[in-house]
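*Asks:* Pasting a predicted model and its sequence here:
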Amino acid sequence: MEIMQRVKFLVFTIVSIIIVFLISQNANAQIWSGLNLVATISGVLCVFLVAKKDIRNYYVGVIAVSTYGLVAYHYGYLYDYLLNIYILIPVQVIGYYYWSNYKHDNSKRIEVAEIKYQGVIYLISVIAIILLSTVFYNVVSIQLKGSPSNLPQILKVFDAVTTVFTLLAQYMMIKRYAQQWVLWIIVNLGSIIMWIYFGDLNLVLMFTVYLIVAIYGYFNWNKK
């Protein structure tokens, strides 16, 4: 039965990606607005399901990351685009398969894992190394090779920083660590600033709701 559920999820993922990409081809302003709205609604629902420790978040997550990735590309946030399309879509599949091994009996909800003290030190070290490396590379590449997009330099740094923290938060989410929510709070604050620049109220609202749900998720996942 569990194998069939996994196969259904894989088929759902493939079909959803194909549909989203076909819709985005030669999209006009109205279609981009529609994708923006889908990314907002599916993203909020996904984060809420994660906060509730519900494995069905990965179904909604497939739609959320694929639509948001294309919207990010449309606005010039290249790191966000690459992260969502080439990394977070496969992560949805990995996360679903991993979480399915830790569900409560006859339930869609999973058990929270305890992170060891050594693991905290390791993650902090990885964050510092990757973050500094990414920011340094981004700034240097701008100076030497020119800008990969028309964004101001500070927003490119924000784009890189939120990308790094998203990767680490996703890893901690797959591992079922409650500490993931600290990183999500940081990511959401940075993303709000990024989208305020474009005046995109849908995405500003989306990340504001993400922030509220992340705070709720932190307390819900840490309940004994």
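*Replies:* Here it is on my side, so go on.

*Asks:* drop to CA atoms for contacts and neighbour counts, all remaining ones
*Replies:* OK.

*Asks:* Return the residues in contact with the residue nearest the centre of the chain.
*Replies:* Nearest to the mean C-alpha position of the chain, by CA atoms, centre = their mean, lies residue 166 at 5.9 Å. Counting by CA atoms under 8 Å, 6 or more residues apart in numbering, residue 166 touches 183, 184, 187.

*Asks:* Check residue 175 too.
*Replies:* By CA under 8 Å, 6+ apart, the contact list for residue 175 reads residue 113.

*Asks:* same thing with residue 222?
*Replies:* If you count contacts by CA under 8 Å, 6+ apart, then residue 222 has residue 178 around it.

*Asks:* likewise residue 80?
*Replies:* By CA under 8 Å, 6+ apart, the residues touching residue 80 are 69, 72, 73, 159, 163.

*Asks:* and if we set it to 10 Å?
*Replies:* By CA atoms under 10 Å, 6 or more residues apart in numbering, the contact list for residue 80 reads 65, 68-73, 159-160, 162-164, 166.

*Asks:* Please tell me how far it sits from residue 110.
*Replies:* As judged by CA to CA, to the nearest Å, residue 80 and residue 110 stand 28 Å apart.

*Asks:* Give me the helix or strand of this structure that scores worst on average pLDDT.
*Replies:* The weakest-scoring helix or strand in the chain, judged by mean pLDDT, DSSP states H and E, is helix 117-145 (a mean of 62).

*Asks:* Quick one: end-to-end distance for stretch 167-181.
*Replies:* 13 Å.

*Asks:* pLDDT at residue 148, what is it?
*Replies:* pLDDT, residue 148: 47.

*Asks:* Ok, residue 48 next?
*Replies:* For residue 48, the model assigns a pLDDT of 90.

*Asks:* which phi and psi does it have?
*Replies:* Main-chain dihedrals, residue 48, degrees, to the nearest 10: phi -60, psi -40.

*Asks:* That one: what's it in contact with?
*Replies:* Residues near residue 48 by CA under 10 Å, 6+ apart: 42, 54, 57, 209, 210, 212, 213, 214, 216, 217.

*Asks:* Need the buried ones from those selected in PyMOL.
*Replies:* Under the burial definition 16 or more other CA atoms under 10 Å, those of the contacts of residue 48 that qualify are selected in PyMOL by:
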select buried, resi 42+54+57+209+210+213+214+216+217
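
*Asks:* Which one of the contacts of residue 48 is nearest to residue 102?
*Replies:* Closest approach between the contacts of residue 48 and residue 102, by CA to CA: residue 54, at 11.2 Å.

*Asks:* Am I right that the closest one is in contact with residue 112?
*Replies:* No: using CA atoms under 10 Å, residue 54 is not in contact with residue 112, being 11.2 Å away.

*Asks:* if we can go back for a sec, doesn't the residue nearest to the centre of the chain belong to a strand?
*Replies:* No: judged by DSSP: H, G, I helix; E, B strand; the rest coil, residue 166 forms no part of a strand; its state is helix.

*Asks:* mind checking how far it is from residue 29?
*Replies:* With the distance defined as CA to CA, residue 166 ends up 28 Å from residue 29.

*Asks:* picking that back up, okay, the contacts of residue 166 in JSON lines with secondary structure, pLDDT and distance to residue 196 next?
*Replies:* Formatted as JSON lines, the contacts of residue 166 follow (DSSP: H, G, I helix; E, B strand; the rest coil; pLDDT from 0 to 100; distance: CA to CA, whole Å):
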{"residue": "183", "secondary structure": "helix", "pLDDT": "88", "distance to residue 196": "20"}
{"residue": "184", "secondary structure": "helix", "pLDDT": "92", "distance to residue 196": "18"}
{"residue": "187", "secondary structure": "helix", "pLDDT": "90", "distance to residue 196": "14"}
